[in-house]
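Q: Have a look at this prediction, sequence included:
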Number of protein chains: 4
Amino acid sequence: MTTRLIIDTDTAGDDCFSLLLGLLHPNASLEAVTICNGNVAFDLQVENALHTIEVAGRGGEVPVYLGSARPLMGRWRAASYHGSNGMSEMVFEKAKQRPEAKHAIDAIIDLVMANPGEISIIAQAPLTNIALAYLKEPRIAKALKQLWIMGGTDNAVGNVTPAAEFNFYVDPEAAKIVLEAGFNVTLSTWTLTLSSGFFHADTIERIAGLGTKLSQFYMDVSQTPMKTAKERYGAIMNTHPDSLTTAMAIDEDLILESAEVVVEMEVGGETTRGFSAVYPAGMVEGWEKKTPNARIVRKADTAGFADMLISVLK
Amino acid sequence: MTTRLIIDTDTAGDDCFSLLLGLLHPNASLEAVTICNGNVAFDLQVENALHTIEVAGRGGEVPVYLGSARPLMGRWRAASYHGSNGMSEMVFEKAKQRPEAKHAIDAIIDLVMANPGEISIIAQAPLTNIALAYLKEPRIAKALKQLWIMGGTDNAVGNVTPAAEFNFYVDPEAAKIVLEAGFNVTLSTWTLTLSSGFFHADTIERIAGLGTKLSQFYMDVSQTPMKTAKERYGAIMNTHPDSLTTAMAIDEDLILESAEVVVEMEVGGETTRGFSAVYPAGMVEGWEKKTPNARIVRKADTAGFADMLISVLK
Amino acid sequence: MTTRLIIDTDTAGDDCFSLLLGLLHPNASLEAVTICNGNVAFDLQVENALHTIEVAGRGGEVPVYLGSARPLMGRWRAASYHGSNGMSEMVFEKAKQRPEAKHAIDAIIDLVMANPGEISIIAQAPLTNIALAYLKEPRIAKALKQLWIMGGTDNAVGNVTPAAEFNFYVDPEAAKIVLEAGFNVTLSTWTLTLSSGFFHADTIERIAGLGTKLSQFYMDVSQTPMKTAKERYGAIMNTHPDSLTTAMAIDEDLILESAEVVVEMEVGGETTRGFSAVYPAGMVEGWEKKTPNARIVRKADTAGFADMLISVLK
Amino acid sequence: MTTRLIIDTDTAGDDCFSLLLGLLHPNASLEAVTICNGNVAFDLQVENALHTIEVAGRGGEVPVYLGSARPLMGRWRAASYHGSNGMSEMVFEKAKQRPEAKHAIDAIIDLVMANPGEISIIAQAPLTNIALAYLKEPRIAKALKQLWIMGGTDNAVGNVTPAAEFNFYVDPEAAKIVLEAGFNVTLSTWTLTLSSGFFHADTIERIAGLGTKLSQFYMDVSQTPMKTAKERYGAIMNTHPDSLTTAMAIDEDLILESAEVVVEMEVGGETTRGFSAVYPAGMVEGWEKKTPNARIVRKADTAGFADMLISVLK
Ligand SMILES: [Ca+2]
Ligand SMILES: [Ca+2]
Ligand SMILES: [Ca+2]
Ligand SMILES: [Ca+2]
């Protein structure tokens, strides 16, 4: 079965591998790429996405739409993890394909409303674009098939602050709007990334050993985060929050454990802005009065995911 | 070596067993009990503490001082977990011993300042009393030997909200004041309770089998929480946040794993009031600019703790 | 000189009279009406606007576009002041003119970008539509001639809470986005309404005495607020926040006193959500480090305004 | 009739003149001075108070007690308005009288509880001491005769931020605790100071012309604020928030207009921390569901106040 996808991305690092899955996996049909503020400067993200499409041999086939260059409330901050250009300082020629004139939020609205129940979105960036599309056309919440969100934590440590993961930290208001909108949400958290979206040396060697143009692309793009990880933890490793999310969207059998939960966003707070409280059934008072608004993935098939990613890098 | 202790307590459930350790363990010298707002109505907590001292055969020997009947900002809420009286509805005669006239915060200040470097406090309730004592006499932060705090989580799920553990939830302002005061803090979190302060059926049967007055007291006081746990999880179990903390204070060898960390309290926020962010070295940006303000316990010797608690129930 | 206008309105009560000024004053050219969430149910506001256009004899000549039916963060609340339908329960036939298909934020963007430096907006509702238009097309901030905002207070009492005026209270996030966007803003506050946009019995009698269809419309629409005012203050009076704003946009000579100030929005807080802090030069510390982002009107020519409004009701 | 007073003060500038009223007015009996964090460094404030008592010729007669050197949450900031030492850089010899050993909060509790219904407090500093005394002994709320608070604004511009007056800004949590405690509060706001506690050149010349030691003291202490005012506004003027408050406590006939109101403190917020919302009857929704917790003074007899202050400077 083909999964029809829009990928909303702040293209840098693992965002690219997620795009490759959408571009090259036989069961995926990537129909639009929308760019959102996030990891690095907006224009760099646009070029990173266009370059990834070109590297995948699909230049000119999948349209790229520009979304919001800033989070709703305007407090943008870049991540340093993937190098200054989001591509581990890799230099590449400007892709031939250029972005479309239509705004990303109109691209999302038009595609979703024209194909009710057919399209799923991979939201692998701050949720600004999704929130703005919903605010302009609230009916997309029900017309979208599935909204796969990479973001937040599962009541566990974040990667920007102890309380917050990057995507939710950058635009918590957008995350709050989206989580309250009634989408059919699956949440792929940073906590899941740490447990199930984490490649160790063996897998990375498998990829390096492929010797293809795309395996080289993988190694190039991953250089800076892998160097940082080596320095911090003394081991070869790489994390795949975004591509794991897309992999699960393409093949739900990769989801080994999940639960229906209530997720509530914190937009205030001094140390907790961007925190996503997950109400697990039975553990805290009052949980039973709340209606679940997301399926949270608790465990994924790391080996199966690695196999899928490797299959498109071949 | 004898550990000289003050126990600050919102006496209900496991608070009692912590008091028993202080009252009866040969290496502990419990020199004062101070009552703080928390689990149940203030007056009930006072009687629960006095009764526990009497049950331990030490009536009249350890003074009980009354502290603040409300958290700093006045938004008190009771916990339902230990029954309406905090003692699983157990009925008992009023103890002969009566509370002292001196206020708890003066009792703390006087004892600590008269014995610099000698006294440790077990803070097993909201931190109102400790905060008020510190605000009145800031020098106690350095004159106290150790401050053992049962409270907060280790970037994990809470027991009142997903974000907050009860003691920190009830008085986050007090927790913030205390954590910023420069005390020599050891933090015993709800996360630690779930991993290391948790008795299963085997241990509870060992206790029930003792057939002593104190083992009966343990079973009586634990009835309501054990019934709730049975209903929710289908198993016999009991949690020991407070008594585990005191056990570690009496014998630090029970601490199997710990780390120096930065703990920051959230007092604002809509869903996160009472959250304690723990900055683990190396995991989030900017952690290296902060100075550790607590030793957090990550793993304790559950079997050794059970043996210690059983030794005083014999 | 003709002022080319878009009026963004939550049409109820005085919103109507503001529309009349735009529709009928010889120096105004009202080119679009955009509807925003606010006073009453969204659909009622749409009909109120269409009816007002019809009553003005301009049915079919000025397009009406639908904007956001909710504030950004979704916490909408109606005002009760103008009756349940926003028109003092006046019953009227559905207007012939129907709303356009184009979304209000696209209408704003298209009109402003096609006529750089030519169009001014009267924002007489919560600022949701203006914020969304800006987030989709940030260049409107500089392409718009003037943004006239009715909202906030001048460090004085509000009309929803002591801290907040209705329009800013309903969507403070939108107000914050707009005030930080770099528009050429003139702020017409509730404080100004109380001092300069307030009609007493004499003026109201002048209007009633006109005996025209539009003077009757004024009396009908004003019935509920005037009744409430009578009960509360024992006097005949009516307030004109929106129409005063449009009057000043049409004729800036009605502005008797104004100042360049810094306005900062509060989106958090327990009692202050929606507060607009106005930094007056020289009065508080640090004011001199901030760059003014609005011209605030401190005094307007009430008599001149009354004359202008009466001129279009004739 | 004699008014028995405790003055809680962050002694600097006008605090001194307030003390003079308490020390020298025939109808006042100043029974204790308690020092609170606020205007300048704590130790300077203590010496400023002791010096003022000495200058008044009452050295050794009125005990001075030390309170909390920091606000509850610890974010202290000094005011620059009265010069670096709070006394316009005036140099003076250390007073003979030294502070008492008893803590200010115990001094307050003991004096109030020993004389129920007899003692009034002038709170002319951040409310830290009053809050701590109340938290230790809640019965003082009813045992105190009157609590005169200089602090906050009357829904008008502040003097630290547009939203906040200094005393409430420095310790909003304390202000919140005190305002919710059930004291018999009269609120003397910064708004009142601007309208009624403001001396112009004529009055200041009258004082200067007295030629007494105390008139010289007035001129010396006022030098820095008067210089600043001259530079900013080009006029000779001086503000008297604290001494006006004490004057009204000594002679309530100086109160020309007042109202029973609800005052709510903001402790959160980004721009509004320290804001005191005043709910005026009839103006905002929901006001009628709240119970008044303060009498707010809206107009005072400036001339009568000037006469009273001059009478003690003679
Ligand atoms: Ca991403
Ligand atoms: Ca406890
Ligand atoms: Ca309006
Ligand atoms: Ca003062």
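A: Looks like it came in fine. Ligands and ions are numbered 1, 2, ... in the order given.
Q: tell me what the helix or strand hosting A:Asp307 is packed against?
A: For A:Asp307, the element it lies in under DSSP states H and E is helix A:302-313. Packing partners of helix A:302-313 (3 or more C-beta pairs under 8 Å, 6 or more residues apart in numbering or on different chains; DSSP states H and E): helix A:14-24, strand A:198-200, helix A:201-208, helix A:213-233, helix A:241-250. Using the backbone N, CA and C atoms, a C-beta is placed for each residue, glycine as well.
Q: got the contact list for the third one?
A: Contacts of helix A:201-208 with the rest of the structure, by C-beta atoms under 8 Å, 6 or more residues apart in numbering or on different chains, involve A:199, A:215, A:218-219, A:222, A:226, A:235-238, A:306, A:309-310, A:313.
Q: For chain A, list the residues in contact with chain B, please.
A: A:80, A:155-163, A:232-233, A:264-272, A:275, A:277-280, A:282-285 (C-beta under 8 Å from any C-beta of the partner chain).
Q: ok, which of the residues you listed also contact ligand 1?
A: Among those, no residue lies close to ligand 1 (C-beta under 5 Å from the ion).
Q: Just the ones in helices from the residues you listed, please.
A: A:Arg232, A:Tyr233 (DSSP state H).
Q: of the residues of chain A next to chain B, list those near chain C.
A: Okay, of the residues of chain A next to chain B touching chain C (C-beta under 8 Å from any C-beta), that's A:Val267, A:Gly268.
Q: Just the ones of the residues of chain A next to chain B in strands?
A: Those of the residues of chain A next to chain B mapping onto strands are A:Glu264, A:Met265, A:Ala277, A:Val278, A:Tyr279, per DSSP state E.
Q: which stretches of the stretch 201-314 of chain A aren't confidently modelled?
A: A:281-287 (pLDDT under 70).
Q: What residue in it comes nearest to chain D?
A: A:Gly268 (7.3 Å; C-beta to the nearest C-beta).
Q: okay, among the ones in strands among the residues of chain A next to chain B, which ones form the most distant pair?
A: A:Met265 and A:Tyr279 (12.4 Å; C-beta to C-beta).
Q: just to revisit the earlier point, for the residue of the stretch 201-314 of chain A closest to chain D, grab the count of nearby residues.
A: Neighbour count of A:Gly268, defined by other C-beta atoms under 10 Å in any protein chain shown: 21.
Q: who are the neighbours in contact with it?
A: B:Gly268, B:Gly269, B:Glu270, C:Gly268, D:Gly268.
Q: Pull the contacting residues for the residue of the stretch 201-314 of chain A found nearest chain B.
A: Closest contact between the stretch 201-314 of chain A and chain B, by C-beta to the nearest C-beta, is at A:Gly269 (3.3 Å). Residues near A:Gly269 by C-beta under 8 Å, 6+ apart: A:Ala163, A:Phe275, B:Glu266, B:Gly268, B:Gly269, B:Glu270, B:Thr272, B:Phe275.
Q: Test my guess that A:Glu61 contacts A:Ile53.
A: Yes. Counting by C-beta atoms under 8 Å, A:Ile53 is a contact partner of A:Glu61 at 7.5 Å.
Q: ok, those two, which is more surrounded?
A: Shown here are A:Glu61 and A:Ile53; by other C-beta under 10 Å, A:Ile53 has more neighbours (27 against 11).
Q: Buried residues, the strand or helix carrying the more buried one. List them.
A: Using DSSP H and E, A:Ile53 sits in helix A:42-55. By neighbour count with 16 or more other C-beta atoms under 10 Å in any protein chain shown, helix A:42-55 contains the buried residues A:42, A:44-55.
Q: Check those against B:Leu30 and report the nearest one.
A: A:Gln45 (61.5 Å).
Q: For the closest one, give me its contacts.
A: A:Thr9, A:Asp10, A:Thr11, A:Ala12, A:Ile35, A:Cys36, A:Gly38, A:Asn39, A:Gly86.
Q: And it, how far from A:Ala277?
A: 29 Å (C-beta to C-beta, to the nearest Å).
Q: can you pull the contacts of the spatially closest residue to A:Ala300 that is not a sequence neighbour?
A: Of all residues not flanking A:Ala300 in the chain, A:Ser196 sits nearest, at 3.8 Å (C-beta to C-beta, 6 or more residues apart in numbering or on different chains). Taking C-beta under 8 Å, 6+ apart, we find A:Ser196 in contact with A:Leu244, A:Leu256, A:Val297, A:Lys299, A:Ala300, A:Asp301, A:Thr302, A:Phe305.
Q: Any idea what the most centrally placed residue in chain A is bridged to?
A: In chain A, the centroid-proximal residue (C-alpha atoms, centre = their mean) is A:Gln124; its distance is 1.9 Å. Listed by DSSP bridges, the beta-bridge partners for A:Gln124 are A:Thr9.
Q: Help me confirm that A:Thr291 is found in a strand?
A: No. Judged by DSSP: H, G, I helix; E, B strand; the rest coil, A:Thr291 forms no part of a strand; its state is coil.
Q: Need the nearest residue in space to it, chain neighbours excluded.
A: Counting by C-beta to C-beta, 6+ apart, the residue nearest A:Thr291 is A:Val262, at 7.0 Å.
Q: got it, and A:Ser188?
A: Nearest one to A:Ser188, counting by C-beta to C-beta, 6+ apart, is A:Thr245 at 4.2 Å.
Q: Looks like the one you found contacts A:Met150 (just checking).
A: Yes. Counting by C-beta under 8 Å, A:Thr245 does reach A:Met150; the two are 4.5 Å apart.
Q: Just the buried residues of stretch A:292-308, please?
A: Buried residues in stretch A:292-308 (16+ other C-beta under 10 Å): A:Asn293, A:Ala294, A:Arg295, A:Ile296, A:Val297, A:Arg298, A:Ala300, A:Asp301, A:Thr302, A:Phe305, A:Ala306, A:Met308.
Q: Can you tell me which of the residues you listed is nearest D:Gly211?
A: A:Asn293 (76.7 Å).
Q: Quick check on the residue of the stretch 201-314 of chain A closest to chain B: phi, psi?
A: phi 80, psi 150 (degrees, to the nearest 10).
Q: what's the nearest residue to it if we skip its chain neighbours?
A: B:Gly269 (3.3 Å).
Q: do A:Phe198 as well
A: A:Thr239 (5.6 Å).
Q: could you give the angle of the helix holding A:Ile53 to helix A:213-233?
A: Inter-element angle recorded for helix A:42-55 and helix A:213-233: 130 degrees (by axes from the mean of the first three to the mean of the last three C-alpha atoms, to 10 degrees).
Q: Helix A:42-55 and ligand 1 in contact?
A: No. Using C-beta under 5 Å from the ion, helix A:42-55 never reaches ligand 1; the gap is at least 9.1 Å.
Q: Tell me the first helix or strand C-terminal of that helix.
A: strand A:64-66.
Q: how deep is the residue nearest to A:Ser188 tucked in, by neighbour count?
A: Residues near A:Thr245, counting by other C-beta under 10 Å: 30.
Q: With D:Val267 as the reference, measure out to it.
A: 39 Å.
Q: what comes up buried for the helix or strand that contains A:Tyr169?
A: Assessed by DSSP H and E, A:Tyr169 sits inside helix A:166-170. For helix A:166-170, a neighbour-count test (16+ other C-beta under 10 Å) marks A:Phe166, A:Asn167, A:Phe168, A:Tyr169, A:Val170 as buried.
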